[in-house]
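Novice: Sequence first, predicted model second:
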Amino acid sequence: MTTDICWQALSTHAEALKPRHLKDLMADGGRFQSLSFRHEGLLLDLSRQRIVPETLERLMSLAQASELPEWIAALFAGEPVNDTEKRPALHSALRLPESASLQLEGQDLVPEVHANLARMAEMVAQLHQRQWRGYTGEPIDTVVNIGVGGSDLGPVMACRALADFQPEAARGLSIHFVSSMDGSQLAGLLDRLNPATTLFIVSSKSFTTIDTLANAETARRWLADASGMADAVLVRRHFVAVTASPEKAAAWGVPEDNQLHFWDWTGGRYSLWSTIGFPIALKIGMENFRRMLAGAHGMDEHFRTAELGENLPVLMAMVGVWNINLLDYHAHAILPYDGRLAHLPAYLEQLEMESNGKSIRRDGSGSELRTCPVLWGEVGPNAQHAFYQLLHQGTEPVMSDFIVPVRRYEAQSETLQRQHQLALANCLAQARVLALGDAALDAEPPTPWQQYSGNQPSTVLLLDELSPATFGALIALYEHKVFVQSVIWGINPFDQWGVELGKKMATRMLEALGQADGDQGMDRPTAGLLGEIRRLRGCDGTRASKGDKG
Amino acid sequence: MKISVWGDELAAWVVAAQLSAFGNEVQLCAGEVWGRSEADNCIYPSHKSISAEPGLMALLEEGYSSGRLSAVGAEEALGAPVHWLAMAPDHADQALELVKRVAGAGARPCLVVNQSNFGIGASDRLQACLDQSGGQAVVCLPDTLQEGRALAQFGEPDALLVGCEDEGARRWLMGLLRPFTGAVRQLQLMSRREAEFTKFAVTGMLALRLGYINELANLADLLGVDIEVVRQGMATDERIGSHYLAPGCGFGGQHFTQYIEGLAELLSEKRRSSLLETVLAENLRQMELPFRKLWQHYDCELKGKTVAVWGLAFKPGVASIDNAPALRSVDALLAQGARVRLHDPEALPEVEKRYGSNESVSYCRDAYDAVESADALLLLTEWPEYWSPDFERLAQRMKASVIVDGRNVYDPGLVREFGFTYYGIGRA
């Protein structure tokens, strides 16, 4: 069967299904059983999606016809699936157990991966044992991760999500994250920190990221001013570089001993599993870090081997395709009902939109299909007081992912357990109201403004509990979901050419800001802004002082 | 009088020896109270520092040969009318258990003398297990014995604090102590809780003084002032005096630290006060001060350096390295890839147990052997034999003439005259 035929069949099926309200679909008694799927500590419940079991069959035919199984095999085998950059995308290799083997260009990657993990473990141990010493000889007690994008979002998210699992040894170490290029996070932080006991992790795959290097320079200067010590000593004792470009990190001054490496086949937004996860390991300990890897590896194996129709990432992705391409949903809300997952929405914004926010296919042709939707989110209970109004009564069709653990606070107070119960109840209630609308009530709404039309589809992801392993599996689930959708749409999810031009323009603009004749070659609106900025700064390019201006 | 003494603390052995010397029939139960019954194993203190107590072993021998002192198992010890508890601070549960058994099976009336540091309220908890109206009473006698002078302190105290809330028990206790109390100038009776609190308060005060002088020493370092001169000046003020004012690289020892931790916890829990917690945290930092001085001397790179360490016991005169400040500097040196050459007159076997065979660690029987080719010498415990070394010989054997004096035993001027770079605590 060709993809065209599959799309045709899906389209016909969609036309038939569209008029049917979710409340009618959900009346089917066997629906939960036939539309919910399990993998280890995760339950994927698709029964609030506007589908019937037959929909899944048709979607799986499309996946088959799109050669999804072949693509999955290629992904895991290390074939150059990132074709525009001519390299593989082997984040799954970062999660392979030590006993595994994966050949890339005649070399087994696994020993190298584990050697880097071991090196990271040594550094973690040194810091946890309070034996990493700053310039006064005091042990380091504060770590600041300087990174942006994939070098920031993943570690921030995981540190927050898994903070409960912090081992005793890690309690003495506080971890901060700094990403913004304007220095606003760093400036506030440096006021409070003790330079003698602060270590900076400079995380940059290329070690050329301007945002990160600008922050790192400020940190370096701060240390020099505070200590009056030689730069080489300060960098040696207060900086660790995490990078895929060792030479560049060395040129910046970080000695080999203070470097942790990963590889160009690890995409930035897929890198939290690599040594980019150093702050995660510092927060939760190596043992838990390895559990997180193992959880993700479990999902990898499931994705690689399970039948398409029982394969969680495939099911999740194909239901997304159904919503986007057949039911016209182009907004996607991520709604964790657990404050520990507060940074999951921001992480998925990058993972999904930087991967699949593309309109040119692998073959260079323009995509005729809509691709990645606009994706955003917030901790569910808080979002209820913010944008749920739009979800319930707005004009925009939105699909939602509800993510919630079942067990929490088991060793803690009853009141906290009740609070989680409350969150769980709200999660289920919101998913229900979005789907059923007024039908969730027994009575008719008294006014038009109190009407809920419902029929907004959602997925519920139920975690037995939030642990390093289930967290690893959850993130791997989304990674693979993104890959599956990219296969259906024929795009490369592993490049990000769309972020390059802006960077280049910024370099030119920086020059323009500093030059009197910087307007040359600029469009008129930009030239206008440049002029205004110069005026407000009190220099009009001829270096006139403030007083000279009338 | 038949008396059972419970515990393996200094006080237990001193009390047993002293009481048996004056005609009492003393049964000593020093083993783990309910674990071991072979009393034979426990005729001598298990801590070497206790056996080293001047005069103690001879007095114990006397007691054993006279037949008035015997080591017994727990079951046998239960029957006596007097129970003297001098147990380790972490054995409070065992004490409670044994007092419950005394209440059930022991003699009545009976007297329990609690000389253990179980914390405030522990004696009351023991009393609650007993039948007070039936003449079973607990008195609290805070343990104020200091190593090295313990026999005399118990035998001829000049002041006595007793926590006692029962007239009969007071008379009984004073009767037992009669041979020793001739010189007592001050006998203070108070409630059991007050007695326990007093013990804690004294210990906390000493810790605060040490913490304060160390804090001042570190400041003196930065301001170019010699703290030794300053503290002599302080001591001339009679409100302050000279005790517990010696700056150094931290205090250690198992019990002292444990008491203060207990008090710090209590203050933090009841009052949200961090006063003593701060003292403890600063003390931990202070223990690493010799390491930090060396680290800074060598521009933050100690890999491959050889460092001689003199003194590892937590204080001179003991073989114990419990919470010894020296260990933290040694740990830090090893973590930086330095080699250490260790000497201690008594504690070396304990140290060897801790670090085992390690190619970065040499255990030296001779102090001058330890400094062979060393890049620095750290003096961390002020054993008398370290006070006047042959500096010329040291300079010859060492690779670099650097001394970090963690106990301020040397005269900086003199040491520098011998060509050494000298670092003390607060003596910049």
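Specialist: Alright, I've got the coordinates.
Novice: can you map out the strands along the stretch 201-350 of chain B?
Specialist: B:306-310, B:339-343 (DSSP state E, counting those that start in this stretch).
Novice: Mind listing the strands the first one pairs with, and their directions?
Specialist: So the one you mean is strand B:306-310. Sheet pairing of strand B:306-310 (DSSP bridges) gives strand B:339-343 (parallel), strand B:376-379 (parallel).
Novice: ok now it, how far from the chain's centre?
Specialist: 25 Å (C-alpha atoms, centre = their mean, to the nearest Å).
Novice: Which residues of chain B lie near chain A?
Specialist: Counting by C-beta under 8 Å from any C-beta of the partner chain, the residues of chain B lying close to chain A are B:285, B:288, B:291-296, B:299-301, B:331-332, B:335-336. Heads up, the C-betas are built off the backbone N, CA and C, glycines and all.
Novice: so which of those would you say is closest to residue A:313?
Specialist: residue B:335 (43.7 Å; C-beta to C-beta).
Novice: Now do the same contact list for the closest one.
Specialist: A:126, A:129, A:131 (C-beta atoms under 8 Å, 6 or more residues apart in numbering or on different chains).
Novice: Spell out which parts of chain A neighbour chain B.
Specialist: A:126, A:129, A:131, A:133, A:135-138, A:229-230, A:233, A:236-237.
Novice: List only those of those flagged as buried.
Specialist: A:126, A:133, A:135-138, A:229, A:236-237 (16 or more other C-beta atoms under 10 Å in any protein chain shown).
Novice: tell me how far the ends of stretch A:404-420 are from each other?
Specialist: Terminal residues of stretch A:404-420 are spaced 10 Å apart (C-alpha to C-alpha, to the nearest Å).
Novice: ok, and for that stretch, which residues are buried?
Specialist: Buried-residue list, stretch A:404-420, by 16+ other C-beta under 10 Å: A:404-405, A:408, A:419-420.
Novice: Quick one: the strands in the stretch 251-400 of chain A, in order.
Specialist: So, for the stretch 251-400 of chain A - with DSSP E, counting those that start in this stretch - the strands run A:259-261, A:331-336, A:374-377, A:399-407.
Novice: coming back round to it: next step: the buried ones among the residues of chain A next to chain B restricted to helices.
Specialist: Assigned to helices by DSSP state H, the following of these qualify: A:126, A:236-237.
Novice: which one of those residues is nearest chain B?
Specialist: The shortest gap between chain B and any of those belongs to residue A:237, at 5.5 Å (C-beta to the nearest C-beta).
Novice: For that closest one, give me its contacts.
Specialist: By C-beta under 8 Å, 6+ apart, residue A:237 lies in contact with A:133-135, B:300.
Novice: thinking again about what came up before, using JSON lines, lay out the strands of the stretch 201-350 of chain B together with mean pLDDT, distance to residue A:282 and mean neighbour count.
Specialist: JSON lines is the format used below for the strands of the stretch 201-350 of chain B (pLDDT from 0 to 100; distance: least, C-beta to C-beta, whole Å; neighbours: other C-beta atoms under 10 Å in any protein chain shown):
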{"stretch": "strand B:306-310", "mean pLDDT": "98", "distance to residue A:282": "29", "mean neighbour count": "28"}
{"stretch": "strand B:339-343", "mean pLDDT": "98", "distance to residue A:282": "28", "mean neighbour count": "23"}
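Novice: Tell me where the chain is predicted with low confidence.
Specialist: As the question left the chain open, I've gone with chain A. A:539-550 (pLDDT under 70).
Novice: that's the wrong chain, I wanted chain B
Specialist: Ranges of chain B meeting pLDDT under 70: B:32-41, B:106-107.
Novice: Can you give me the buried ones in stretch B:120-127?
Specialist: Going by 16+ other C-beta under 10 Å, stretch B:120-127 has these buried residues: B:120, B:122-127.
Novice: mind listing which of those are in helices?
Specialist: Those of those lying in helices (DSSP H): B:122-127.
Novice: which residue ranges form the helices in the stretch 351-500 of chain A?
Specialist: A:380-383, A:388-393, A:414-436, A:468-489, A:500-514 (DSSP state H, counting those that start in this stretch).
Novice: Likewise for the stretch 1-150 of chain A?
Specialist: A:3-17, A:22-25, A:31-35, A:53-65, A:68-77, A:109-128.
Novice: And those helices: which comes nearest residue A:521?
Specialist: helix A:68-77 (43.1 Å).
Novice: residue contacts, residue A:161?
Specialist: A:340-341, A:343-344, A:466, A:471.
Novice: What is the most widely separated pair among the residues you listed?
Specialist: Going by C-beta to C-beta, the pair spanning the contacts of residue A:161 furthest: A:343 and A:466, at 13.1 Å.
Novice: tell me the centre residue of the chain?
Specialist: Looking at chain A here, since you left the chain open. Centroid-nearest residue in chain A: residue A:347, 2.6 Å away (criterion: C-alpha atoms, centre = their mean).
Novice: Let me rephrase: I mean chain B.
Specialist: Most central in chain B (C-alpha atoms, centre = their mean) works out to residue B:253, at 4.7 Å.
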